[in-house]
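Peer 1: next comes the sequence, and after it the predicted model I'd like to discuss.
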Amino acid sequence: MHLRFVEIFCDVAQRRSFSKGAEAQNVSQSNASQAVSKLEERLGTLLIDRSKRPLELTPAGQMYFEGCREILERFRTIEDRVQAIADRVVGPVRVAAIYSVGLMQMEQTVHRFEQLYPDASLRLDYLHPDQVYQQVLDDKADLGLVSYPRPNSEILSIDWQVQPLVLVVPPQHRLAGQHAVSLSALDGENYIGFTRELTIRREIDRQLKRARVAVQIVREFDNIENIKRAIEAGSGLALLPKPTVWQEISSGTLVAVDVSDASDLVRPLGIIHKRHKQLTTAVRKFIELLQSPSAGLAPVEPVRSISAGKSPAHAAGAASARLTLPQNGHAPGATVSDDGTLIVPRRKRKSRRT
């Protein structure tokens, strides 16, 4: 029971909130508060300053949190090793992802993982790319799914996908009937661009400049969904990662045209995790599933860690950004909560989802 109280305290401390910590542990807020109070009674000191919003740890609470987090990590590693002997895949898998990875494809992967490993639980949060890195660094996420991964002294990256960028136009556009065009075909066209702070914008600008192509920027967005909606409305065209427009291509609302003279115009995706962190069997199985053809997200290389400074394709800042949810960008029944968590209807199973 004492270990359970420690787990609850660590989640409350990480999230600086009793309600969010309680939700992460599948207990009521009052139960979470009682668990922390029991620990404080036992230790004879306050761990959390409840007068602050968000909550703040006291000096004693910070010391206790750091020590308990290390103990819990070791405990889970031992549990994982013992369960591996029995060939069981159990425990939580916490994933933070940029939204443009693809809600529908990730939903399929979540369902497949739950079918294969019913005793494991998976939580998937969609966040701004900088928040994805922070979640991994803070041990709030086991894995991060990002574009233009940037490994460093604290973060390792695994090659995942290299997505070609294609020209995306509305069906009535003069280029919609072409199988492929050169970048010069974009010269003078009304263009829907990413905002300038994003790496993908800098990569596209570099390619256009090299080809001596000048487009007319009419709108700028920090997310792919808004760009697609603007193209559908006839505001202009854009260069986008091909997998992000599969649904619109299938439904006929957008047309993708290959770019014949820009083979290196791509968006690399990577799977990041904290350096030196012992990945559980469940987390490793999820990585394997992400890279398998059955995931519907074609991998480009086998799973391997990359040393700091050697990211795939381009070692630069994260290229995707805060993304709004599409009106119909997911399969029936799937929803996304206010905090960006993917909620997928699940088949009946014995274990509960965290």
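Peer 2: Thanks, I have it.
Peer 1: ok, which stretches of this protein are helices?
Peer 2: Per DSSP state H, the chain has helices spanning 2-15, 18-25, 29-43, 59-85, 103-116, 129-137, 199-210, 224-232, 246-251, 281-290. These are given in chain order.
Peer 1: and the ones you listed: which comes nearest residue 92?
Peer 2: Judged by Cβ to Cβ, the one of the helices of the chain that comes nearest to residue 92 is helix 281-290, at 7.2 Å. C-beta here means a position set from N, CA and C on the backbone, and glycine is covered the same way.
Peer 1: show me what counts as buried in that closest one.
Peer 2: Within helix 281-290, the residues that qualify as buried by neighbour count (16 or more other Cβ atoms under 10 Å) are 281, 282, 283, 284, 285, 286, 287, 289, 290.
Peer 1: ditto for stretch 202-216
Peer 2: Using 16+ other Cβ under 10 Å as the test for burial, stretch 202-216 gives 202, 203, 204, 207, 208, 211, 213, 215.
Peer 1: bridge partners for the closest residue to the last one other than its chain neighbours, pull those for me.
Peer 2: Spelled out, that is residue 215. Excluding its sequence neighbours, the residue lying closest to residue 215 (Cβ to Cβ, 6 or more residues apart in numbering) is residue 191, at 3.8 Å. On the basis of DSSP bridges, residue 191 is bridged to residue 217, residue 237.
Peer 1: in contact with residue 191, which residues?
Peer 2: 215, 216, 217, 218, 236, 237, 238 (Cβ atoms under 8 Å, 6 or more residues apart in numbering).
Peer 1: could you pick out the buried ones from these?
Peer 2: Among the contacts of residue 191, those classed as buried by 16+ other Cβ under 10 Å are 215, 236, 237, 238.
Peer 1: among those residues, which pair sits farthest apart?
Peer 2: Pairwise over those, using Cβ to Cβ, the maximum falls at 215 and 238, 9.5 Å.
Peer 1: who wins for proximity to residue 154 among the helices of the chain?
Peer 2: Residue 154 lies closest to helix 129-137 among the helices of the chain, at 6.1 Å (Cβ to Cβ).
Peer 1: on that earlier part again, and which of the buried residues of stretch 202-216 is nearest to residue 90?
Peer 2: Nearest member of the buried residues of stretch 202-216 to residue 90, counting by Cβ to Cβ, is residue 203, at 41.1 Å.
Peer 1: local confidence estimate at that closest one?
Peer 2: The model reports residue 203 with a pLDDT of 91.
Peer 1: same check, this time on residue 104
Peer 2: Listed pLDDT for residue 104 reads 69.
Peer 1: cool, and the one 5 residues further on?
Peer 2: The per-residue pLDDT reported for residue 109 equals 90.
Peer 1: how many other residues sit next to it?
Peer 2: Residues lying near residue 109 (other Cβ atoms under 10 Å) number 23.
Peer 1: next: residue 190.
Peer 2: Around residue 190 there are 16 other residues, counting by other Cβ under 10 Å.
Peer 1: so what's it up against?
Peer 2: By Cβ under 8 Å, 6+ apart, the neighbours of residue 190 are 215, 216, 218, 235, 236, 237.
Peer 1: 10 Å instead, please
Peer 2: Neighbouring residues of residue 190 by Cβ atoms under 10 Å, 6 or more residues apart in numbering: 215, 216, 217, 218, 219, 230, 234, 235, 236, 237, 238.
Peer 1: excluding sequence neighbours, find me the nearest residue to it.
Peer 2: Per Cβ to Cβ, 6+ apart, closest to residue 190 is residue 236, 3.6 Å.
Peer 1: so that neighbour touches residue 217, yeah?
Peer 2: Yes: at 8.5 Å, residue 236 counts as touching residue 217 under the criterion of Cβ atoms under 10 Å.
Peer 1: please pick out the residue of this protein most distant from its centre.
Peer 2: residue 44 (40.2 Å; Cα atoms, centre = their mean).
Peer 1: what is the mean pLDDT for the longest strand along the chain?
Peer 2: Identified as the longest strand of the chain according to DSSP state E is strand 155-169. Mean per-residue pLDDT for strand 155-169: 95.
Peer 1: give me the sheet partners of that strand and which way each runs.
Peer 2: Strand 155-169 is paired, per DSSP bridges, with strand 238-241 (antiparallel), strand 255-259 (antiparallel), strand 266-274 (antiparallel), strand 305-306 (antiparallel).
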